[in-house]
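Participant: Below is the structure, and that's it, no one-letter string:
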């Protein structure tokens, strides 16, 4: 069968148009922002936001061997990440999720952070569900080897109102979501309960209860700015289902009484972790 010349031209144009449509794909990651020691980028779990009231993105960080970056409360030393979303459009709220950090020691100073690679999952609530979102992030963060280097990067990532199917970056975001401590007492959480009680003026005990035995329980305690908490001792109950942590609190100002203070505790073991904000009784 022979087609007229103009018909062949129409078919060629149609095929070209279809190929262009097929190849159109949402941008779900920014370019890498690099230093000699690190790389940073924003990635999205979804191709678009059609039908969504919120979308999860991630700040992906890769570090050179020997380098590290820090958790929200670094400890004795370090620079916590700071996220500024000024200039973003269709963003009602942005909540950073914090994977469980590791403990580092440098020159006798202890800090909490990450090495090699980390992704901070970030839940973005849309002001107008299903509408396009323009994300602008100004990031201030520290990367450290023996000394710390403050780093600032700017990112822009736009997600359209197209299909909300999972992106190719979803797997790495979900991997680090699994490392985020669960809310203690939430449905399905291994850690069922945690309480804090003052023993003396600045000493208190945190008691954590779990559905499976603790093996090597540990804890991080956060308080108001300027607070410092020293772990005095820790032990398990005979059946292993409870862990007891005795801590000494150093508070800013003249008031060193732990009673009625609000603290956030992150309790963790080999296979599970959880966190909760509570009042010291």
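Facilitator: That came through fine. The structure presented is a predicted model; accordingly, all values stated were derived computationally and were not measured. Numbers count the residues shown, from 1 in each chain.

Participant: Now do the closest residue to residue 233 other than its chain neighbours against residue 202, distance only.
Facilitator: Nearest residue to residue 233 in three dimensions, chain neighbours excluded: residue 246, at 4.7 Å (CB to CB, 6 or more residues apart in numbering). Yep, even glycine has a C-beta here, placed from its N, CA and C like the rest. For residue 246, the distance to residue 202 equals 12 Å [CB to CB, to the nearest Å].

Participant: Of those two, which one has the most company?
Facilitator: More crowded of residue 246 and residue 202, by other CB atoms under 10 Å: residue 202, with 19 against 15.

Participant: For the more buried one, give me its contacts.
Facilitator: 248, 249, 250, 251, 256, 257, 258 (CB atoms under 8 Å, 6 or more residues apart in numbering).

Participant: If I look at the closest residue to residue 263 other than its chain neighbours, what pLDDT would I see?
Facilitator: Spatial nearest neighbour of residue 263, excluding adjacent residues (CB to CB, 6+ apart): residue 223 at 5.0 Å. Residue 223 carries a pLDDT score of 96 in this model.

Participant: before we move on, the earlier item: the residue nearest to residue 233: which element?
Facilitator: Using DSSP states H and E, residue 246 sits within strand 242-250.

Participant: Partner strands of that strand, with direction?
Facilitator: Strand pairing for strand 242-250, using DSSP bridges, gives strand 203-210 (antiparallel), strand 228-236 (antiparallel).

Participant: tell me the domain boundaries of this structure?
Facilitator: Domain segmentation of the chain under automatic domain parsing yields 33-180, 183-279.

Participant: Switch the ones you listed over to CSV; also include distance to residue 27.
Facilitator: What follows is these, written out as CSV (distance: least, CB to CB, whole Å):
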stretch, distance to residue 27
domain 33-180, 7
domain 183-279, 33
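
Participant: What's the first helix or strand after the lowest-mean-pLDDT helix or strand in the chain?
Facilitator: When the helices and strands of the chain are scored by mean pLDDT, DSSP states H and E, helix 5-23 comes last with a mean of 38. Per DSSP H and E, the first helix or strand lying C-terminal to helix 5-23 is strand 33-34.
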